[in-house]
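**Q** Structure for this input, please:
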Amino acid sequence: MEFTYPQLAAILAIFVWSGFVRSGIGFGGAALALPLLLFVKNNPLFWLPIIATHLLFFTTITSGGRLKRIDWVFVKYSMSWLFIPKLLGVIGLLSLPNSWMVIFVFCISAFYAMTWLLQREIRSQSPWVDRLLLIVGGYVSGASLVGAPLIAAVAIRHIELKQYRDTLFVLWFLLVMIKMTAFIVVGVDLHWQWSIMLLLPAGLGHVIGLRVHDYMLQGDPVLVKRVLGAGLLSVSLVGLWQFL
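**A** Residues are numbered from 1 along each chain as shown. The predicted model follows:
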């Protein structure tokens, strides 16, 4: 895959941004990066293996030594509801037309952006709502890797704040392993060369995100989400307009 120099510069910047968001708030690295990457190359199956490989790497080095800070009860509970929808989402990703998946990604991203921008957070209020959010989040995660906000809405109700990020990282690791296994089984190109090359910018963003994680938790999370929501909504709407 060949890119122009401006496209390469954009890709590097987007992966810095992805790493920053992932480690800074614990989720959203794919949701906030994939719509931007689709401007460069509107093929989710090109980008998803790269994003997935990075997620496996950085979640391992971040939470691998913090196993005592992980809520394993929640991991077991959530995976019991996530597993089947995740597989169905992966099947959809591999079988549906590429144009459908691009539109799907932009629409889901726009939905998340509106919830952040209007301060209408997705909240879980009961066990049945928990299960519904996990089922939908599992499918969306399988189809595009942008189901994290739905799953995080359930996690925030059950997990102590000090365990929140590391527990989510374990969930992302398990969910991405399912997708990567499916990619390998059906012969999807994992683009290892691109994954290795883009580790450096993603790592730079990851380190910056780790340093500001505590600051973001102590600051105004509503303002942070509104800013992220405004940017994501703009990208999603422009992407849909250009694509359609």
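
**Q** any chance you could map the helices in the protein?
**A** In the chain, the segments counted as helices under DSSP state H are 5-25, 29-40, 44-63, 72-95, 98-117, 127-144, 148-158, 161-186, 192-197, 199-218, 221-243.

**Q** so of the ones you listed, which one's packed in deepest?
**A** Mean neighbour count (mean count of other CB atoms under 10 Å) peaks for helix 29-40 among the helices of the chain, with a mean of 24. (Glycine included, C-beta is placed from N, CA and C.)

**Q** so Leu171 touches Tyr77, yeah?
**A** No - in this structure, Leu171 is not within contact of Tyr77 by CB atoms under 8 Å, at 10.7 Å.

**Q** sorry, back to before: let's have the helices of the chain in TSV, adding mean pLDDT.
**A** Listed next are the helices of the chain as TSV, based on pLDDT from 0 to 100:
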stretch	mean pLDDT
helix 5-25	86
helix 29-40	81
helix 44-63	85
helix 72-95	90
helix 98-117	77
helix 127-144	86
helix 148-158	78
helix 161-186	85
helix 192-197	91
helix 199-218	78
helix 221-243	70
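
**Q** burial of the spatially closest residue to Ile184 that is not a sequence neighbour, as a residue count?
**A** Of all residues beyond its chain neighbours, the one nearest Ile184 is Leu190 (7.3 Å), with distances taken as CB to CB, 6 or more residues apart in numbering. For Leu190, the count of nearby residues is 16 (other CB atoms under 10 Å).

**Q** Roughly how far does Leu190 sit from Met180?
**A** Here Leu190 is placed at a distance of 8 Å from Met180 (CB to CB, to the nearest Å).

**Q** Report the set of residues contacting both of the two.
**A** Listed as contacting both Leu190 and Met180 by CB atoms under 8 Å, 6 or more residues apart in numbering are 49, 53.

**Q** sorry, back to before: how near is the residue nearest to Ile184 to Glu160?
**A** Distance from Leu190 to Glu160, by CB to CB: 36 Å.

**Q** Setting the sequence-adjacent residues aside, check what's closest to Met101.
**A** Once flanking residues are discounted, Met101 sits nearest to Pro44: 4.9 Å by CB to CB, 6+ apart.

**Q** and the most centrally placed residue in the chain, what is it in contact with?
**A** For the chain, Ala30 is the residue whose C-alpha lies nearest the centre (CA atoms, centre = their mean; 3.4 Å). If a contact means CB under 8 Å, 6+ apart, then Ala30 has 18, 51, 55, 144-146, 148 as its contacts.
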